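Colleague: My questions concern the predicted model and sequence given below.
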Protein chains: 2
Amino acid sequence: MATTAKNSKRTATRATRRQQLIDSTVKCIARKGLGSTTTGDVAREAGLSQGIINLHFKSKNNLLNETLRYLADEYKTQFTLAIERSGPLASDKLRALMALDLRPSICDRNKIAVWFAFWGEVKSRPRYREICEKYDEYYDEVTRSLCDEIIAEGGYPGVSGTAVATVLTSLTNGLWLACLVNEKTFDRKQAMNCIDEYLNCIFPKHFPVRIL
Amino acid sequence: MATTAKNSKRTATRATRRQQLIDSTVKCIARKGLGSTTTGDVAREAGLSQGIINLHFKSKNNLLNETLRYLADEYKTQFTLAIERSGPLASDKLRALMALDLRPSICDRNKIAVWFAFWGEVKSRPRYREICEKYDEYYDEVTRSLCDEIIAEGGYPGVSGTAVATVLTSLTNGLWLACLVNEKTFDRKQAMNCIDEYLNCIFPKHFPVRIL
DNA sequence: CCAAAAAATGAATGAGTATTCATTCATATT
DNA sequence: AATATGAATGAATACTCATTCATTTTTTGG
């Protein structure tokens, strides 16, 4: 009864417990930062005991790796879904991907803080890079081929799909940073405007000015 | 005699010693990450003893704050210099600022790693934000007014200087992240191409296609 | 050259933290 | 009801690290 509503059990399946601990880790990193998150914090956040992290993850390091992997997987699910649910045109899909990154559930200051916490350690912990590598390559490939498709439809001489894809990815990451840092003066709506202005500028035929 | 150059003395002025320790801190963060940098590491890097950090900075926290402040100051110096040395036109100045961010001495993986290390902790340590706030406001203001000036020179109906400035700032930060993360496949030259493509797209009259 | 001040040292301290493991306890099985 | 299983506990352990401070080294000013 003392535990969560859904299960009255005090023992959960291994998968459930692991997920619960990963969720707690994300919360702790968002609140306290990666550097100040201790295994004790995570266990307390989950309402469990000291040793639970090592029981389920062997080490704190491993917990952090698995947490990053989970975040990457979670994002990929949304990414795939966004494309599936979008219109059939390449421009529909590209716009859907951009809107995805600025959706409240993803462009959320807590979640962004966690991503940047990992990125902030990526040089000294190459494992973090390895975990995200395959995902990033996939996103780049999808974005690039959508841009190439739009360019192939004509009207954009001299525009490189690769360069546009790089700009879109980097711009999105930079706008996330702006949302993270400039909490009071910048938000995801302004960020979406920036993206739309860029799309209109680079692919005017596919992204005409939006009347407000 | 006491304050000159390399000095034969084994004790340095307070300012010299502080700077030496800040330099060591930057190196350690670049190599080991913010989370794994200890006061002992910094002292060893500087070739000095254990207690030296507390002697000169009172606390590790204070050392980190001062290190961030130094980085921010150092960047501002370059920023001001880049504008001074550029051509007289607003477009010259804007291009100079963009080139500044992708200059080898600034778009250096070690230095970028340090910036992202601090940004990765910014939500849980608001002091980091406070230290950079005034600088960032100044850069935004300068960039925005340069864009406004270019727009005022005519030919860009419906373009917002504020939005372009935000895109440029965010794009630069995102490109830094790309340089940090994708060490093998991305570099500052590709980043500069992205910036130039964007400038050409948004302000074609001021930034015509560059023949290579 | 000497005494006082300042700078630097580095061993000692103690707070904090990841990890271990003997034990408890809920549940499933017989 | 008795037994087995393995999830969970939490006190104990081993270790790291920021900070302190008594002592040594160096500089300064008379």
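Modeller: Looks like it arrived, so ask away. Residues are numbered from 1 along each chain as shown, chains lettered A, B, ... in the order given.
Colleague: contacting residues for the closest residue to A:Pro104 other than its chain neighbours?
Modeller: In space, and not counting its chain neighbours, A:Pro104 is closest to A:Arg188: 7.0 Å by C-beta to C-beta, 6 or more residues apart in numbering or on different chains. The way it works is simple: take the backbone N, C-alpha and C, and place the C-beta from them, glycine included. A:Arg188 is in contact with A:Leu102, A:Arg103, A:Pro104, A:Cys107, A:Cys179, counting by C-beta atoms under 8 Å, 6 or more residues apart in numbering or on different chains.
Colleague: how far away is A:Arg188 from DNA strand D?
Modeller: Counting by C-beta to the nearest atom of the strand, to the nearest Å, the gap between A:Arg188 and DNA strand D amounts to 36 Å.
Colleague: residue ranges with poor pLDDT in chain A?
Modeller: Low-confidence segments of chain A (pLDDT under 70): A:1-11, A:211-212.
Colleague: Help me confirm that A:Ala72 comes into contact with A:Cys132.
Modeller: Yes - with contact defined as C-beta atoms under 8 Å, A:Ala72 counts as touching A:Cys132 (5.5 Å).
Colleague: quick one, which of those two is more surrounded?
Modeller: Neighbour totals were compared for A:Ala72 and A:Cys132, and A:Cys132 leads with 21 against 17 (other C-beta atoms under 10 Å in any protein chain shown).
Colleague: give me every residue that touches that one.
Modeller: Shown in contact with A:Cys132 (C-beta under 8 Å, 6+ apart): A:Leu68, A:Ala72, B:Val181.
Colleague: Buried ones in the one helix or strand it maps to, by neighbour count?
Modeller: Element membership of A:Cys132, judged by DSSP states H and E, is helix A:126-152. By neighbour count on 16 or more other C-beta atoms under 10 Å in any protein chain shown, the buried set for helix A:126-152 is A:128-129, A:131-132, A:135-136, A:139-140, A:142-144, A:146-148, A:150-151.
Colleague: just the contacts of A:Cys132 now: which is nearest A:Val164?
Modeller: Distance ranking of these against A:Val164, using C-beta to C-beta, places B:Val181 first at 19.2 Å.
Colleague: Distance check, that closest one against A:Pro208.
Modeller: The gap separating B:Val181 from A:Pro208 is 34 Å, by C-beta to C-beta, to the nearest Å.
Colleague: among the contacts of A:Cys132, which are in reach of DNA strand D?
Modeller: Checked against DNA strand D using C-beta under 7 Å from any atom of the strand, the contacts of A:Cys132 give no members in range.
Colleague: need the contact list for A:Thr162.
Modeller: So A:Thr162 contacts A:Arg144, A:Cys147 (C-beta under 8 Å, 6+ apart).
Colleague: Helix or strand for it, just tell me which one.
Modeller: helix A:161-181.
Colleague: got the buried residues for the next helix or strand after that helix?
Modeller: With elements assigned by DSSP H and E, the helix or strand that comes after helix A:161-181 is helix A:188-202. Neighbour-count burial for helix A:188-202 flags A:188, A:190-202 (criterion: 16+ other C-beta under 10 Å).
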